[in-house]
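Undergrad: let's see this in three dimensions:
(one chain, ligands or ions: 1)
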Amino acid sequence: MAATILQGKEVAQSIRTELATEVADLKKQGIIPGLTVVLVGDDPASHSYVRGKSKGCEEVGIRSELILKDASTTEEELLSIIQGLNENPNVNGILVQLPLPAHISESAVIEAIHPEKDVDGFHPISVGNMVLGNETMLPCTPHGIIELIKRTGTEIAGKHAVVIGRSNIVGKPVSLLLQQENATVTMCHSRTQNLEEHTRRADILVVATGKAHMIGKEHVKPGAVVIDVGVNRIETGKLVGDVKFDEVQEVASFLTPVPGGVGPMTITMLLKNTVSAAKKQAKR
Ligand SMILES: Nc1nc2c(c(=O)[nH]1)N[C@@H](CN(C=O)c1ccc(C(=O)N[C@@H](CCC(=O)O)C(=O)O)cc1)CN2
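TA: Residues are numbered from 1 along each chain as shown. Predicted coordinates:
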């Protein structure tokens, strides 16, 4: 039987509708959530993502500001911008779009963001709290993936989840969150041998390899939930995932499309984190 297609776009939209109501209520209490996004350089994909973030903020009523800097911006200049945003009480969330130009240290920039304003969940303090299972801002794509899986009605506890990819943004945190949901987790990566042997044991398969069409139906256990995190532009200009959609949908029970699967959840979870940050900061 063909897989049910997990329309992240629709799930994201329903979360945004809930958020818009919450933001309207907060405004009645004088709390206006504010997000500042900083983008350095001229990467077209990054420009498109930050436009999506501004549009999302507008949709739910978050005040947003976009700081665009050219690729010659120095690390020192960027750190000074972040310092100003850390001190600005109207800014509840700060996000620096990645990747940064090679001359700027990503870790120095991430560490400069005040942990309370770290709506990306990338600061070492946020990551440490996530590892410890403490309440914290969760990174947006992994959090979005867990929400999507839950919406399939799949019980994660006790399932075997296999994650392919070990990036700091997706692979490592999603493995941890799945484990915290009581899945048994296997992490695979570019050096994993006999990949198919691992992936075929997965009840939940999360694919974040960054390699277009790497995963075919031979990798998938019949009935598995397959989450495709890849966003790859191929020669034809088309956007495709890491999964061969047409053949995997023949065997999976649920499958996310690209575009319209995990991607829209990333921005929506960012909006959610910004609202949480504003609420927390208002209590102080
Ligand atoms: N500071 C951050 N930088 C980056 C992050 C992040 O979470 N924080 N993640 C990615 C990029 N990203 C958000 O920033 C992102 C990627 C993809 C999408 C998305 O909606 N994709 C669409 C397709 C979009 C298109 O047509 O090009 C989809 O999959 O449907 C949103 C956000 C790296 N950097």
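Undergrad: can you tell me the closest non-neighbouring residue to the closest residue to the ligand within the chain?
TA: Nearest to the ligand, among the residues of the chain, is residue 263, at 2.2 Å (Cβ to the nearest ligand atom). Glycine gets a C-beta too; all of them are placed from N, C-alpha and C. In space, and not counting its chain neighbours, residue 263 is closest to residue 231: 6.1 Å by Cβ to Cβ, 6 or more residues apart in numbering.
Undergrad: cool, residue 75 as well?
TA: Spatial nearest neighbour of residue 75, excluding adjacent residues (Cβ to Cβ, 6+ apart): residue 104 at 4.6 Å.
Undergrad: so how far is stretch 244-259 from its chain's centroid?
TA: Chain-centre distance of stretch 244-259: 20 Å, with Cα atoms, centre = their mean, to the nearest Å.
Undergrad: for residue 151, give me its contacts.
TA: Contact analysis of residue 151 by Cβ atoms under 8 Å, 6 or more residues apart in numbering lists 6, 11.
Undergrad: now residue 162: which helix or strand?
TA: Here residue 162 sits within strand 160-164, counting by DSSP states H and E.
Undergrad: so what's the gap between that strand and the chain middle?
TA: 17 Å.
Undergrad: neighbours of the residue of the chain closest to the ligand, how many?
TA: Residue 263 has 24 neighbours, counted by other Cβ atoms under 10 Å.
Undergrad: same question for residue 33.
TA: Residues near residue 33, counting by other Cβ under 10 Å, number 30.
Undergrad: interface residues of the stretch 151-284 of the chain facing the ligand?
TA: The interface of the stretch 151-284 of the chain toward the ligand, taken as Cβ under 6 Å from any ligand atom, is made up of 169, 231, 239, 258-260, 263-264, 266-267.
Undergrad: could you rerun that using 8 Å?
TA: 169, 231, 233, 239, 257-264, 266-267, 270 (Cβ under 8 Å from any ligand atom).
Undergrad: so which helix or strand takes in the residue nearest the centre of the chain?
TA: Residue closest to the mean C-alpha point of the chain, counted by Cα atoms, centre = their mean, is residue 141 at 1.5 Å. Assessed by DSSP H and E, residue 141 sits inside helix 140-151.
Undergrad: that helix vs strand 160-164, what angle?
TA: With axes from the mean of the first three to the mean of the last three Cα atoms, to 10 degrees defining the directions, helix 140-151 sits at 150 degrees from strand 160-164.
Undergrad: so residue 214 makes contact with residue 208?
TA: No: contact criterion Cβ atoms under 8 Å: residue 214 and residue 208 do not qualify, at 10.5 Å.
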